[in-house]
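Colleague: how would this look folded up:
(one chain, ligands or ions: 2)
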Amino acid sequence: MSDAEFPQSTEPTVQDDFEPVSVFEDGEMDLRPGADNCYKCSVCDTTCPVAEVDDDFPGPKFQGPEQWRLKRKDDVEVDDSIMSCSNCMRCDDACPSGVPLSQMHNTARGEYVDEQMSKLSREYVRNRILANYGTLARLGSKVPRLTNLVMGNSLVQRLNEKLLGITAERDFPAFATRTFREWWRERGGPQVQSEDKRVAYFHGCYSNYNTPEVGKAMVRVFEEFGYEVVVPRQRCSGTPMFANGMLDDAERAASVNVSELSDLLEEGYDVIASCTSCSMSLRQEYPELFQLSGIEEVAANTYESLEYLRIHEDLDGALADAAVDEQAFAYHAPCHARNQGLDRQAVELFREVDGVEMEDVGDSCSGISGTYGWKEEKYETSMKIGEDMFEHMHDAAGEVGMTECPTCSMQMEHGTGYEIKHPLQLLEEALC
Ligand code: SF4
Ligand code: SF4
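Modeller: Ligands and ions are numbered 1, 2, ... in the order given. As a prediction, the model looks like this:
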């Protein structure tokens, strides 16, 4: 029937007394900071490298504020697409409203793994192994040559892919014959003592087991500037654990790190890291996810190593007189460096150094995102994301890459065949 058959009354309708409906039953809004600002925005979705190449991935806005709203009454399960987020944290950096996206993603991923993932599934076992790389590396590095031989064998790689879902497309990162900590012990610890200039080095797993030359460069450069460097007992920063929803593992590691570093803060040390994901973890993810005594102080006093020198020393002045052999670098800024506002520092620092040519290869994500690109089912996505970076590297003048992140470095090498260096290694060459 049309409205014409029911002419509208011109008489005002008599209404019952207005009774508001209670939307939030407990009377509390309970909205996390900024989470309501995004009804008309989707900036984060436009910056997500996974959403760009994977049409099935609903993007950061869904993984964060939307999923959080759906789950408010606990009658909806976490969507399994949360496991396709690579934890690159680019969405955090992009959000104009301060929505704590990565905190929401990490919390949702932790809940998904705890409550919805079978602990006997191949995915869980594989992810647990990848997330606890530090434990694996501690064992493997006891017999580095044998481990490298076994893990480098193509048959073992294919078996790993079949049994665990770890891609056989990538070369296993070789263990150094002597870890950074072994080198540190053998040289007798710090060579410089200072009451005023003190730093505690958080080397993380990769610099310790795979690229000790980065840690050695860090020590030599800081000692050159008169710093007393100490190397505290430490565990993994937790980055691969957050990315795989293993929050209990991450909290155990964080509690060791925070306790050791807190003691050193009291003695006047600041914390420095050579890996941008490690500094990101200590600065942002720890205080977002855990409540540990001293956690805020550790976060507030942690720096990326070049950042620290740029704040406290005249690094430009020191480099003005430096010269190195002619070298051209294709520099990639890791996403986690970008999130800390450090994406331009290596280029700014080295562009005037005699003999150095530095080219920034753009703002794309490398695509590996720690353990993400090691998963068989994510390998293709990871390589598609990395395509822009590979092309820009090929177009750049240099045939040596540079980055601060160990896994970006693996992806750069994998996609181009280039040798990859850490900025600290060039700084060591220029200054020491
Ligand atoms: S960028 Fe921030 S405000 Fe915009 S949709 Fe994403 S979370 Fe919401
Ligand atoms: S962390 Fe990275 S992959 Fe995950 S939703 Fe945000 S931008 Fe996308």
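
Colleague: use CA for all of it now, contacts and neighbours both
Modeller: OK.

Colleague: what number of residues lie near the nearest residue to residue 177 once chain neighbours are set aside?
Modeller: Nearest non-adjacent residue to residue 177, counting by C-alpha to C-alpha, 6 or more residues apart in numbering: residue 144, 5.7 Å away. Residue 144: 21 surrounding residues under other C-alpha atoms under 10 Å.

Colleague: So residue 144 sits against residue 179, correct?
Modeller: No. Contact criterion C-alpha atoms under 8 Å: residue 144 and residue 179 do not qualify, at 9.5 Å.

Colleague: so what sits against both of these two?
Modeller: Among the neighbours of residue 144, none is also in contact with residue 179 (C-alpha atoms under 8 Å, 6 or more residues apart in numbering).

Colleague: The residue in the stretch 251-400 of the chain positioned nearest to ligand 1 and residue 196: what is the separation?
Modeller: Residue nearest to ligand 1 within the stretch 251-400 of the chain: residue 339 (14.2 Å; C-alpha to the nearest ligand atom). According to C-alpha to C-alpha, to the nearest Å, residue 339 stands 30 Å off from residue 196.

Colleague: Tell me the strands beside the longest strand anywhere in the chain, with direction?
Modeller: In the chain, taking DSSP state E as the definition, the longest strand is strand 323-331. Using DSSP bridges, strand 323-331 pairs in its sheet with strand 354-360 (parallel), strand 400-402 (parallel).

Colleague: from these, which stretch is densest packed?
Modeller: Burial of the strands paired with strand 323-331 is given as mean neighbour count (mean count of other C-alpha atoms under 10 Å); strand 400-402 ranks first at a mean of 25.

Colleague: So what touches it?
Modeller: Identification of contacts with strand 400-402 by C-alpha under 8 Å, 6+ apart yields 328-332, 393, 409, 412-413, 418-423.

Colleague: what's the average pLDDT for that strand?
Modeller: Averaging pLDDT along strand 400-402 yields 98.

Colleague: Flag the shaky bits of the stretch 251-400 of the chain, pLDDT-wise.
Modeller: Scanning the stretch 251-400 of the chain for pLDDT under 70 picks out nothing.

Colleague: For the chain, list the residues in contact with ligand 2, please.
Modeller: With C-alpha under 6 Å from any ligand atom as the criterion, the chain meets ligand 2 at residues 48-50, 59-60, 85-91.

Colleague: now those: which count as buried?
Modeller: Among these, those scoring as buried are 48-50, 59-60, 85-91 (criterion: 16 or more other C-alpha atoms under 10 Å).

Colleague: of all the residues you listed, which comes closest to residue 127?
Modeller: In terms of C-alpha to C-alpha, no member of those lies closer to residue 127 than residue 86, at 12.7 Å.

Colleague: tell me the SS of the closest one?
Modeller: Secondary structure assignment for residue 86 (DSSP: H, G, I helix; E, B strand; the rest coil): coil.

Colleague: tell me the contacts of it?
Modeller: For residue 86, the contact set (C-alpha under 8 Å, 6+ apart) comprises 50, 243, 369, 372.

Colleague: thought the first one was touching residue 85?
Modeller: Yes. Counting by C-alpha under 8 Å, residue 50 does reach residue 85; the two are 7.0 Å apart.

Colleague: hmm, back to that, more neighbours, residue 339 and residue 196?
Modeller: residue 339 (20 against 11).

Colleague: My read is that the more buried one contacts residue 93, right?
Modeller: Yes. Between residue 339 and residue 93 a contact is recorded at 5.5 Å, counting by C-alpha under 8 Å.
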